[in-house]
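Engineer: the amino acid sequence is not available; the structure is as follows:
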Ligand SMILES: Nc1ncnc2c1ncn2[C@@H]1O[C@H](COP(=O)(O)OP(=O)(O)OP(=O)(O)O)[C@@H](O)[C@H]1O
(Lines give C-alpha, C1' and ligand atoms only; values in the text may rest on other atoms or scores of the structure.)
Protein backbone atom coordinates (compact mmCIF):
# COMPACT_ATOMS: atom_id res chain seq x y z
CA UNK A 1 0.00 0.00 0.00
CA UNK A 2 1.32 3.46 -0.89
CA UNK A 3 2.55 5.45 2.08
CA UNK A 4 0.56 8.62 2.68
CA UNK A 5 2.51 11.82 3.20
CA UNK A 6 1.75 13.52 6.52
CA UNK A 7 0.99 16.97 5.17
CA UNK A 8 -0.49 16.52 1.72
CA UNK A 9 -3.52 18.69 2.44
CA UNK A 10 -5.92 15.73 2.38
CA UNK A 11 -8.13 15.79 5.45
CA UNK A 12 -7.60 12.75 7.64
CA UNK A 13 -11.38 12.40 7.94
CA UNK A 14 -13.93 13.98 5.60
CA UNK A 15 -17.69 13.62 6.00
CA UNK A 16 -20.13 15.15 3.54
CA UNK A 17 -23.91 15.14 4.10
CA UNK A 18 -23.29 12.02 6.14
CA UNK A 19 -26.10 10.15 7.87
CA UNK A 20 -26.23 6.92 9.81
CA UNK A 21 -29.35 4.85 10.43
CA UNK A 22 -30.25 1.51 11.91
CA UNK A 23 -33.37 0.45 10.03
CA UNK A 24 -35.84 3.30 10.34
CA UNK A 25 -33.98 4.93 13.19
CA UNK A 26 -31.75 7.77 12.02
CA UNK A 27 -29.00 8.31 14.57
CA UNK A 28 -27.42 11.40 12.98
CA UNK A 29 -27.60 13.16 9.63
CA UNK A 30 -26.26 16.09 7.58
CA UNK A 31 -22.83 15.76 9.10
CA UNK A 32 -20.22 17.94 7.38
CA UNK A 33 -16.82 17.62 8.96
CA UNK A 34 -13.11 17.61 8.10
CA UNK A 35 -10.58 16.45 10.67
CA UNK A 36 -7.02 17.53 9.86
CA UNK A 37 -3.62 16.10 10.80
CA UNK A 38 -2.79 16.87 14.41
CA UNK A 39 -6.33 17.98 15.24
CA UNK A 40 -7.97 16.85 18.48
CA UNK A 41 -11.71 16.38 18.03
CA UNK A 42 -13.79 15.52 21.08
CA UNK A 43 -17.07 13.72 20.38
CA UNK A 44 -19.66 14.47 23.06
CA UNK A 45 -23.32 13.73 23.56
CA UNK A 46 -25.84 11.88 25.71
CA UNK A 47 -26.32 8.11 25.81
CA UNK A 48 -27.61 6.81 22.52
CA UNK A 49 -26.67 9.94 20.52
CA UNK A 50 -24.52 7.93 18.14
CA UNK A 51 -20.95 8.48 19.36
CA UNK A 52 -19.90 4.84 19.16
CA UNK A 53 -21.72 4.55 15.83
CA UNK A 54 -19.59 7.48 14.61
CA UNK A 55 -16.43 5.62 15.61
CA UNK A 56 -17.70 2.44 13.93
CA UNK A 57 -18.31 4.40 10.74
CA UNK A 58 -14.74 5.77 10.83
CA UNK A 59 -13.46 2.23 11.28
CA UNK A 60 -15.42 1.17 8.20
CA UNK A 61 -17.52 -1.21 10.31
CA UNK A 62 -20.82 0.62 9.90
CA UNK A 63 -21.93 1.91 6.49
CA UNK A 64 -23.49 5.36 6.17
CA UNK A 65 -27.12 5.53 5.16
CA UNK A 66 -26.44 8.71 3.15
CA UNK A 67 -23.54 10.94 2.15
CA UNK A 68 -19.85 10.11 2.05
CA UNK A 69 -17.07 9.40 4.48
CA UNK A 70 -13.41 9.17 3.56
CA UNK A 71 -10.36 8.56 5.70
CA UNK A 72 -7.16 9.86 4.07
CA UNK A 73 -9.09 10.33 0.85
CA UNK A 74 -10.26 6.75 0.52
CA UNK A 75 -13.12 4.64 1.84
CA UNK A 76 -12.66 4.04 5.56
CA UNK A 77 -12.19 0.28 5.17
CA UNK A 78 -9.22 0.82 2.90
CA UNK A 79 -7.55 3.10 5.44
CA UNK A 80 -7.74 0.61 8.33
CA UNK A 81 -3.98 0.25 8.48
CA UNK A 82 -3.64 3.99 9.20
CA UNK A 83 -6.13 3.97 12.07
CA UNK A 84 -5.26 3.21 15.68
CA UNK A 85 -8.21 2.29 17.86
CA UNK A 86 -8.51 2.39 21.63
CA UNK A 87 -11.86 0.68 22.27
CA UNK A 88 -14.38 1.21 25.01
CA UNK A 89 -13.72 -1.02 28.03
CA UNK A 90 -12.71 -4.30 26.47
CA UNK A 91 -13.57 -7.48 28.32
CA UNK A 92 -10.39 -8.46 30.06
CA UNK A 93 -11.01 -12.17 30.54
CA UNK A 94 -9.72 -13.20 27.12
CA UNK A 95 -6.59 -11.08 27.51
CA UNK A 96 -5.83 -11.46 31.22
CA UNK A 97 -2.92 -13.85 30.69
CA UNK A 98 -1.37 -11.89 27.82
CA UNK A 99 1.64 -9.80 28.66
CA UNK A 100 1.74 -6.11 27.81
CA UNK A 101 4.35 -6.82 25.14
CA UNK A 102 2.12 -9.46 23.51
CA UNK A 103 -0.71 -6.97 23.09
CA UNK A 104 1.60 -4.39 21.51
CA UNK A 105 3.06 -7.05 19.24
CA UNK A 106 -0.44 -7.91 17.98
CA UNK A 107 -0.76 -4.22 17.13
CA UNK A 108 2.32 -4.50 14.93
CA UNK A 109 1.82 -7.78 13.13
CA UNK A 110 -1.95 -8.11 13.41
CA UNK A 111 -2.34 -6.05 10.22
CA UNK A 112 -2.28 -8.22 7.15
CA UNK A 113 -0.81 -5.42 5.07
CA UNK A 114 1.69 -4.27 7.68
CA UNK A 115 5.38 -4.17 6.84
CA UNK A 116 7.02 -7.49 7.59
CA UNK A 117 9.62 -7.11 10.30
CA UNK A 118 12.01 -9.83 11.38
CA UNK A 119 11.68 -11.10 14.96
CA UNK A 120 14.54 -8.96 16.30
CA UNK A 121 13.07 -5.89 14.60
CA UNK A 122 9.66 -6.55 16.08
CA UNK A 123 11.08 -6.97 19.55
CA UNK A 124 12.94 -3.67 19.29
CA UNK A 125 9.83 -1.92 17.98
CA UNK A 126 7.70 -3.34 20.82
CA UNK A 127 10.27 -2.09 23.35
CA UNK A 128 10.26 1.37 21.74
CA UNK A 129 6.47 1.57 21.83
CA UNK A 130 6.23 0.41 25.44
CA UNK A 131 8.84 2.99 26.37
CA UNK A 132 6.97 5.75 24.50
CA UNK A 133 3.81 5.10 26.54
CA UNK A 134 5.71 4.71 29.81
CA UNK A 135 4.92 1.00 30.13
CA UNK A 136 8.42 -0.54 29.95
CA UNK A 137 8.41 -1.42 33.64
CA UNK A 138 5.54 -3.86 33.21
CA UNK A 139 6.26 -5.13 29.69
CA UNK A 140 6.30 -8.75 30.86
CA UNK A 141 3.46 -8.57 33.37
CA UNK A 142 0.14 -10.23 32.42
CA UNK A 143 -2.58 -7.65 31.73
CA UNK A 144 -4.77 -9.14 34.45
CA UNK A 145 -2.23 -8.01 37.03
CA UNK A 146 -2.07 -4.39 35.85
CA UNK A 147 -4.16 -1.48 37.12
CA UNK A 148 -6.80 0.05 34.84
CA UNK A 149 -4.51 2.99 34.04
CA UNK A 150 -1.50 0.79 33.31
CA UNK A 151 -3.60 -1.36 30.99
CA UNK A 152 -4.89 1.72 29.22
CA UNK A 153 -1.31 2.82 28.52
CA UNK A 154 -0.62 -0.57 26.98
CA UNK A 155 -3.78 -0.35 24.87
CA UNK A 156 -2.71 3.06 23.61
CA UNK A 157 0.69 1.52 22.81
CA UNK A 158 -1.07 -1.19 20.83
CA UNK A 159 -3.15 1.42 18.97
CA UNK A 160 -0.01 3.44 18.14
CA UNK A 161 2.02 0.42 17.05
CA UNK A 162 1.58 1.05 13.34
CA UNK A 163 2.18 4.79 13.66
CA UNK A 164 -1.42 5.59 12.67
CA UNK A 165 -2.52 8.85 11.06
CA UNK A 166 -5.79 8.72 12.98
CA UNK A 167 -6.22 7.68 16.60
CA UNK A 168 -9.80 6.77 17.56
CA UNK A 169 -10.45 6.63 21.27
CA UNK A 170 -13.85 5.48 22.54
CA UNK A 171 -14.25 6.58 26.17
CA UNK A 172 -10.67 5.68 27.11
CA UNK A 173 -10.93 7.37 30.52
CA UNK A 174 -13.87 5.43 31.94
CA UNK A 175 -13.06 4.02 35.37
CA UNK A 176 -9.66 5.73 35.58
CA UNK A 177 -8.83 7.94 38.53
CA UNK A 178 -7.84 11.57 37.96
CA UNK A 179 -4.10 10.90 37.91
CA UNK A 180 -4.46 8.14 35.35
CA UNK A 181 -6.87 10.24 33.30
CA UNK A 182 -4.25 12.97 33.18
CA UNK A 183 -1.47 10.55 32.26
CA UNK A 184 -3.49 8.94 29.46
CA UNK A 185 -4.69 12.23 27.97
CA UNK A 186 -1.19 13.72 28.09
CA UNK A 187 0.15 10.68 26.31
CA UNK A 188 -2.37 11.07 23.50
CA UNK A 189 -1.81 14.81 23.28
CA UNK A 190 1.98 14.38 23.10
CA UNK A 191 1.60 11.90 20.29
CA UNK A 192 -0.56 14.11 18.12
CA UNK A 193 1.85 17.01 18.65
CA UNK A 194 4.97 14.99 17.84
CA UNK A 195 3.56 12.93 14.96
CA UNK A 196 0.66 15.00 13.64
CA UNK A 197 -1.73 12.18 14.49
CA UNK A 198 -5.37 13.28 14.26
CA UNK A 199 -7.31 12.32 17.39
CA UNK A 200 -11.03 11.57 17.58
CA UNK A 201 -11.84 11.17 21.24
CA UNK A 202 -15.29 10.07 22.40
CA UNK A 203 -15.97 11.10 25.96
CA UNK A 204 -18.75 11.85 28.39
CA UNK A 205 -16.36 13.95 30.42
CA UNK A 206 -14.95 16.94 28.55
CA UNK A 207 -12.99 18.42 31.45
CA UNK A 208 -9.95 16.10 31.41
CA UNK A 209 -9.33 16.98 27.75
CA UNK A 210 -10.65 20.53 27.64
CA UNK A 211 -7.18 22.09 27.31
CA UNK A 212 -6.29 19.85 24.36
CA UNK A 213 -9.48 19.93 22.34
CA UNK A 214 -9.44 21.92 19.10
CA UNK A 215 -13.04 21.22 18.19
CA UNK A 216 -16.05 19.45 19.56
CA UNK A 217 -18.60 17.36 17.68
CA UNK A 218 -21.63 17.41 19.96
CA UNK A 219 -24.21 14.82 18.96
CA UNK A 220 -27.71 14.90 20.39
CA UNK A 221 -30.91 13.29 19.30
CA UNK A 222 -32.27 15.72 16.79
CA UNK A 223 -29.09 17.44 15.73
CA UNK A 224 -25.44 18.16 16.21
CA UNK A 225 -23.00 21.04 16.58
CA UNK A 226 -19.39 21.30 15.42
CA UNK A 227 -17.06 24.03 16.64
CA UNK A 228 -14.52 25.04 19.24
CA UNK A 229 -15.43 24.29 22.87
CA UNK A 230 -16.15 28.00 23.34
CA UNK A 231 -18.58 27.96 20.43
CA UNK A 232 -20.37 24.71 21.22
CA UNK A 233 -20.33 24.49 25.00
CA UNK A 234 -22.52 27.48 25.71
CA UNK A 235 -25.99 27.73 27.22
CA UNK A 236 -27.38 29.14 23.98
CA UNK A 237 -25.84 26.52 21.70
CA UNK A 238 -26.82 23.51 23.82
CA UNK A 239 -30.29 24.88 24.60
CA UNK A 240 -30.92 25.15 20.85
CA UNK A 241 -29.52 21.69 20.26
CA UNK A 242 -31.62 20.01 22.96
CA UNK A 243 -34.70 22.19 22.44
CA UNK A 244 -34.89 22.84 26.15
CA UNK A 245 -33.13 25.15 28.56
CA UNK A 246 -29.58 24.02 29.29
CA UNK A 247 -27.15 26.00 31.41
CA UNK A 248 -23.43 25.83 30.79
CA UNK A 249 -21.16 27.48 33.32
CA UNK A 250 -17.41 27.60 33.71
CA UNK A 251 -16.23 26.99 37.25
CA UNK A 252 -12.51 27.18 37.93
CA UNK A 253 -11.69 26.34 34.31
CA UNK A 254 -14.13 23.41 34.25
CA UNK A 255 -17.27 23.18 32.17
CA UNK A 256 -20.42 22.28 34.05
CA UNK A 257 -23.57 21.48 32.06
CA UNK A 258 -26.88 21.55 33.90
CA UNK A 259 -30.32 20.73 32.59
CA UNK A 260 -29.36 18.63 29.56
CA UNK A 261 -31.24 15.33 29.35
CA UNK A 262 -27.90 13.64 30.05
CA UNK A 263 -25.22 16.05 31.18
CA UNK A 264 -21.94 15.35 29.44
CA UNK A 265 -19.73 17.06 31.97
CA UNK A 266 -20.61 14.39 34.51
CA UNK A 267 -19.93 10.75 33.66
CA UNK A 268 -23.19 8.81 33.81
CA UNK A 269 -23.64 5.36 35.16
CA UNK A 270 -23.48 2.72 32.42
CA UNK A 271 -25.41 -0.16 33.93
CA UNK A 272 -25.22 -2.41 30.91
CA UNK A 273 -21.58 -1.91 30.10
CA UNK A 274 -18.90 -4.40 30.91
CA UNK A 275 -16.35 -2.71 33.12
CA UNK A 276 -12.97 -4.30 32.72
CA UNK A 277 -11.99 -3.39 36.24
CA UNK A 278 -14.85 -5.40 37.75
CA UNK A 279 -13.24 -7.98 39.96
CA UNK A 280 -9.76 -6.81 39.00
CA UNK A 281 -7.47 -4.42 40.81
CA UNK A 282 -8.12 -0.95 39.37
N1 LIG B 1 -26.21 -2.53 15.78
C2 LIG B 1 -27.24 -1.75 16.09
N3 LIG B 1 -28.48 -2.03 15.63
C4 LIG B 1 -29.53 -1.23 15.92
N5 LIG B 1 -29.45 -0.12 16.69
C6 LIG B 1 -28.25 0.20 17.18
C7 LIG B 1 -27.08 -0.58 16.91
N8 LIG B 1 -26.01 -0.01 17.53
C9 LIG B 1 -26.50 1.08 18.15
N10 LIG B 1 -27.82 1.21 17.95
C11 LIG B 1 -28.69 2.29 18.45
O12 LIG B 1 -28.21 3.50 17.87
C13 LIG B 1 -28.23 4.55 18.83
C14 LIG B 1 -26.82 5.12 18.98
O15 LIG B 1 -26.01 4.15 19.64
P16 LIG B 1 -24.48 4.44 20.00
O17 LIG B 1 -23.96 3.26 20.72
O18 LIG B 1 -23.78 4.89 18.78
O19 LIG B 1 -24.66 5.68 20.99
P20 LIG B 1 -23.61 6.33 21.98
O21 LIG B 1 -23.75 7.81 21.81
O22 LIG B 1 -22.28 5.74 21.80
O23 LIG B 1 -24.23 5.90 23.38
P24 LIG B 1 -23.52 5.65 24.82
O25 LIG B 1 -23.08 6.98 25.31
O26 LIG B 1 -24.64 5.10 25.64
O27 LIG B 1 -22.41 4.67 24.61
C28 LIG B 1 -28.80 3.95 20.11
O29 LIG B 1 -30.18 4.25 20.14
C30 LIG B 1 -28.58 2.46 19.96
O31 LIG B 1 -29.57 1.74 20.62
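Structural biologist: That came through, no problem. Quick caveat: nothing in here was measured; it's all calculated off a predicted structure. Numbers count the residues shown, from 1 in each chain.

Engineer: and the strands in this protein?
Structural biologist: 13-22, 25-35, 40-44, 66-71, 74-75, 83-86, 166-170, 198-202, 215-220, 223-227, 247-251, 254-258 (DSSP state E).

Engineer: what's in contact with the third one?
Structural biologist: So that's strand 40-44. 35, 51, 54-55, 189, 192, 198-204, 206, 209, 212-219, 229, 264 (CB atoms under 8 Å, 6 or more residues apart in numbering). Where you see a C-beta, it was placed from the backbone N, CA and C, and this is true even at glycine.

Engineer: with the first one instead?
Structural biologist: By CB under 8 Å, 6+ apart, the residues outside strand 13-22 that reach it are 26-35, 50, 53-54, 57-58, 62, 64-71, 73, 166, 198, 200.

Engineer: and it, what's buried?
Structural biologist: For strand 13-22, the neighbour count (16 or more other CB atoms under 10 Å) marks 13-15, 18, 20-21 as buried.

Engineer: which one of these is nearest residue 145?
Structural biologist: Residue 145 lies nearest to residue 13 out of the buried residues of strand 13-22, by CB to CB, at 36.6 Å.

Engineer: give me the beta-bridge partners of that closest one?
Structural biologist: residue 35, residue 71 (DSSP bridges).

Engineer: who are the neighbours in contact with residue 52?
Structural biologist: Counting by CB under 8 Å, 6+ apart, residue 52 has contacts 88, 170, 202.

Engineer: shouldn't the first one be in contact with residue 168?
Structural biologist: If I follow you right, that is residue 88. No. Between residue 88 and residue 168 there is no contact under CB atoms under 8 Å: 10.8 Å.

Engineer: which of those two has more neighbours?
Structural biologist: Each of residue 88 and residue 168 has its neighbours counted (other CB atoms under 10 Å); residue 168 has more, 25 against 17.

Engineer: my guess is the more buried one contacts residue 82, does it?
Structural biologist: No. Counting by CB under 8 Å, residue 168 stays clear of residue 82, with 11.1 Å between them.

Engineer: and of the buried residues of strand 13-22, the nearest to residue 246?
Structural biologist: Proximity of the buried residues of strand 13-22 to residue 246 (CB to CB) peaks at residue 20, which lies at 24.2 Å.

Engineer: could you find the closest non-adjacent residue to that closest one?
Structural biologist: Spatial nearest neighbour of residue 20, excluding adjacent residues (CB to CB, 6 or more residues apart in numbering): residue 27 at 4.9 Å.

Engineer: give the buried residues for stretch 206-216.
Structural biologist: By neighbour count with 16+ other CB under 10 Å, stretch 206-216 contains the buried residues 206-210, 212-216.

Engineer: could you check whether it is close to the ligand?
Structural biologist: No. On the criterion CB under 6 Å from any ligand atom, stretch 206-216 is out of touch with the ligand, staying 13.5 Å away.

Engineer: quick one: distance of that stretch to the chain centre.
Structural biologist: From the chain centre to the centre of stretch 206-216 is a distance of 12 Å (CA atoms, centre = their mean, to the nearest Å).

Engineer: give me the mean pLDDT for that stretch.
Structural biologist: Stretch 206-216 carries an average pLDDT of 94.

Engineer: stretch 159-173 now?
Structural biologist: Mean pLDDT, computed over stretch 159-173, is 91.

Engineer: what is the end-to-end distance of that stretch?
Structural biologist: 15 Å (CA to CA, to the nearest Å).

Engineer: chain center to it: distance?
Structural biologist: Stretch 159-173 sits 6 Å away from the centroid of its parent chain (CA atoms, centre = their mean).

Engineer: now check that stretch, is it near the ligand?
Structural biologist: No. Using CB under 6 Å from any ligand atom, stretch 159-173 stays clear of the ligand, coming no nearer than 7.3 Å.

Engineer: for the ligand, see how far away residue 228 is.
Structural biologist: Shown here: residue 228 relative to the ligand, a distance of 21 Å by CB to the nearest ligand atom, to the nearest Å.

Engineer: can you count the residues close to that residue?
Structural biologist: Residue 228 has 11 neighbouring residues, counting by other CB under 10 Å.
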